[in-house]
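>>> turn this into a model:
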Amino acid sequence: MKINRQVLSIALGGAILPLGLATANDSLPLPKPLTSVGSLSDLPTSVSNSTATRQRPVVSADKGPQAFRDNEVVGTGRLVSANGSEKPFRNAGFSSNAQHESVMISPSPDAAPMMSSVDAGYASSSGDCSTGSCGSGSCDSGSCDSGSCDSGSCDSGSCDSGSCGPRLGRSGFGSSNTGFNLGGCSKNSWLETEAILWWGPFGRTPPLAATINQNSAVTSVLAGGDQTFGGQMMPGMRVNAGKWLDSCESIGIGGRAFGLFSNATTQTFTDNNGSVNLGVPFYNTTLGGPDAYVAAFNFGGNIGRDPGSITVSNDTDFIAADAYGRILLARTGCSRADIIGGYSFARLDDSMVLSTFKTDNSANPTADGRTFATIDSFSTKNTFHGGHVGFMTDVNRGRLTLSTLGKVAIGTMEQEGVISGSSSINGAQTTSNNGILTYSSNKGTMRRDVLAFMPEAGAKLRVCLKNNVSFNVGYTFLFLSDVALAGGTIDPMVDVQGALNNNPTSPQPRFDHGCYYLHGVDLGLSFKF
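Residues are numbered from 1 along each chain as shown. Down below sits the predicted model:
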């Protein structure tokens, strides 16, 4: 149960005042304590020029004790000592009987110590911890008004004295990914650690692995094309730390860093003991039609069987960091809104590797036992630098705080693509810098800069576990307007005749780009210290 200290001081002052006056001057008769039956006739005869005025008390109708719900009376006058000197007095008290006019004397500073005003009565401060509207039943319940916060620390003459305005309940923890303390005897620093489980979109590439017939025509696509890559869950971590720069928690600085690191998705297709013919599809510009590099076959007869396999690997990694400032925009007793701004960094790496391996077991005796291997590698790197602006909000109810974040960063996206390839014949110990889809016509490094924006939105529910620890569960959506992915650098057009002459006109260096997004669940702990 919360007790208004001001009313309690008045009540106690009314009980001990007469004893203080008697001690100050033994020649004065001891006034009767103010009770529900006291009246103006209870004043000592040595008090002159006294007046008494009935007043209605300032009382919270649903919070004030019964004893303080009736009339307040104020007495003023002068105390006359034995040597004839006079001292002014003024005081007030409450009567539980509307028919009585009780007087309680308030001395000047050299008399008995008491409260000197009851202007506030038992009125509660709207939205503050003392009302119980935000902090009732929360982690700090019972601490905010027990003296641990109000005695000369956070609330004494600063934030709760009216200089900062209304404050959020003591149990509040803060805004979207920040872990801020939002009121009371606050800690001025925060630390938040989270496990993040996010997903990205599916990526598309040209067909990279397929089953073929004896004429090298594709019968079904195994990887690439409509068989998309990506889309799997990517686990990661996020850390957020910061500090308030003022006691009113109106200006703060902080920083975040997080990353997603997926295990490479690898698909390997084999000839299944000669029952499947495998190939890498492409468009043969020399013939003007579809074709395929034969990676494994079993055609029988004079052709025989060459066992082999095709492996396709895809890997995507994402890291980001930002530094921000936070400035109070508006707040009430149980909520606040802040504007944020700062610097944002992000990097998205994507890679695709196509490799084949085949053993020559055909009927041709000169080729028996040789192994053929090819590797085609495509990778991209997208690096974002820019500034961001946005808003954070917090709404607190007891142990629960709902935090939201919305911001957008605008800046430059530096895009880079790298294409390389090789092939080897183990028996002859020879190597080539060409693969199946990589030749001198498209190999190398490509770069460009584009204007991009990166919006982010999130919501988080915080459950206060202890006075300075809360558990968080939330959702985040992050969008990148312009990125280059590995699949967008693969050109399936191959000039076979030019490749044989080491002067192909295709494939060409492609550098397709488009949007990308990440979204998922955040789970973690927030600490204030």
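>>> going by C-alpha atoms from here, please, whenever you check contacts or count neighbours.
Noted.
>>> ok, for residue 498, nearest residue in space, not its chain neighbours?
Excluding the flanking residues, the one nearest residue 498 by CA to CA, 6 or more residues apart in numbering is residue 504, at 3.8 Å.
>>> let me see the contact set for the one you found.
439-441, 494-498 (CA atoms under 8 Å, 6 or more residues apart in numbering).
>>> which of the residues you listed fall within helices?
Residues of those located in helices (DSSP state H): 496-498.
>>> could you dump these to CSV with pLDDT?
Converted to CSV, the ones in helices among the contacts of residue 504 look like this (pLDDT from 0 to 100):
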residue, pLDDT
496, 93
497, 92
498, 91
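>>> mind giving me the PyMOL select for these, buried ones only?
Those of those that count as buried under 16 or more other CA atoms under 10 Å are selected in PyMOL with:
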select buried, resi 496
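>>> mind checking how far the residue nearest to residue 498 is from residue 496?
Separation of residue 504 from residue 496 (CA to CA, to the nearest Å) stands at 7 Å.
>>> with residue 241 instead?
As defined by CA to CA, residue 241 lies at a distance of 57 Å from residue 496.
>>> next: residue 327.
63 Å.
>>> how about residue 261?
Going from residue 261 to residue 496 by CA to CA gives 38 Å.
>>> what of residue 523?
Counting by CA to CA, the gap from residue 523 to residue 496 is 53 Å.
>>> residue 193 too?
Per CA to CA, residue 193 is found 54 Å from residue 496.
>>> what ranges do the helices span in this structure?
Going by DSSP H, the chain shows helices at 5-24, 496-500.
>>> would you single out the least confident of these?
Lowest mean pLDDT within the helices of the chain: helix 5-24, at a mean of 42.
>>> need the pLDDT of residue 152.
Turning to residue 152, the model gives it a pLDDT of 36.
>>> typo on my end, it should be residue 367
So, for residue 367, pLDDT stands at 62.
>>> do residue 126 as well
38.
>>> cool, residue 436 as well?
Confidence score, pLDDT, at residue 436: 94.
>>> can you report phi and psi for it?
phi -100, psi -40 (degrees, to the nearest 10).
>>> just to revisit the earlier point, export the ones in helices among the contacts of residue 504 to a markdown table and append columns for distance to residue 305.
Shown next, in a markdown table, are the ones in helices among the contacts of residue 504 (distance: CA to CA, whole Å):
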| residue | distance to residue 305 |
| --- | --- |
| 496 | 24 |
| 497 | 26 |
| 498 | 29 |
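>>> return the member of the ones in helices among the contacts of residue 504 nearest to residue 447.
Set against residue 447, the nearest of those by CA to CA is residue 498 (26.2 Å).
>>> pretty sure the closest one sits against residue 505.
Yes - with contacts counted by CA atoms under 8 Å, residue 498 reaches residue 505, the gap being 6.6 Å.
>>> show me where pLDDT drops low in the protein?
1-186, 301-302, 363-368, 427-430 (pLDDT under 70).
>>> hmm, 80 instead?
Within the chain, the ranges that satisfy pLDDT under 80 run 1-187, 226-228, 230, 262-263, 300-304, 362-369, 426-431.
>>> neighbours of the closest residue to residue 382 other than its chain neighbours, just the number please.
Leaving aside its chain neighbours, residue 382 sits nearest to residue 415 (4.6 Å; criterion: CA to CA, 6+ apart). Close neighbours of residue 415, defined as other CA atoms under 10 Å, add up to 24.
>>> dump the residue contacts of residue 415.
Applying CA under 8 Å, 6+ apart, we find residue 415 in contact with 380-383, 447-450, 483-484.
>>> can you tell me how far it sits from residue 453?
Distance from residue 415 to residue 453, by CA to CA: 14 Å.
>>> OK, contacts around residue 330?
Per CA under 8 Å, 6+ apart, neighbours of residue 330: 336-338.
>>> any idea what it is bridged to?
Beta bridges link residue 330 to residue 337 when assigned by DSSP bridges.
>>> cool, residue 452 as well?
Counting by DSSP bridges, residue 452 forms beta bridges with residue 411.
>>> ok, it touching residue 411?
Yes - if you go by CA under 8 Å, residue 452 and residue 411 touch, sitting 5.7 Å apart.
>>> so what sits against both of the two?
residue 384.
>>> neighbours of the residue nearest to residue 214 when sequence neighbours are not counted, how many?
The spatial neighbour of residue 214 that comes closest, neighbours along the chain excluded (CA to CA, 6+ apart), is residue 299 at 6.9 Å. For residue 299, the neighbour count with other CA under 10 Å is 17.
>>> repeat for residue 296
Neighbour tally, residue 296, other CA under 10 Å: 29.
>>> who's the closest residue to it other than its chain neighbours bridged to?
Nearest residue to residue 296 in three dimensions, chain neighbours excluded: residue 308, at 4.5 Å (CA to CA, 6+ apart). Legend: beta-bridge partners of residue 308 under DSSP bridges are residue 358.
>>> ok, now which ones touch residue 308?
Contacts for residue 308 (CA under 8 Å, 6+ apart) come out as 270-271, 278, 295-297, 356-359.
>>> how does it look with 6 Å?
Contact partners of residue 308, counting by CA atoms under 6 Å, 6 or more residues apart in numbering, are 295-296, 357-358.
>>> give the single residue among the contacts of residue 330 positioned nearest to residue 303.
residue 338 (74.2 Å).
>>> distance of that closest one relative to residue 256?
Counting by CA to CA, the gap from residue 338 to residue 256 is 17 Å.
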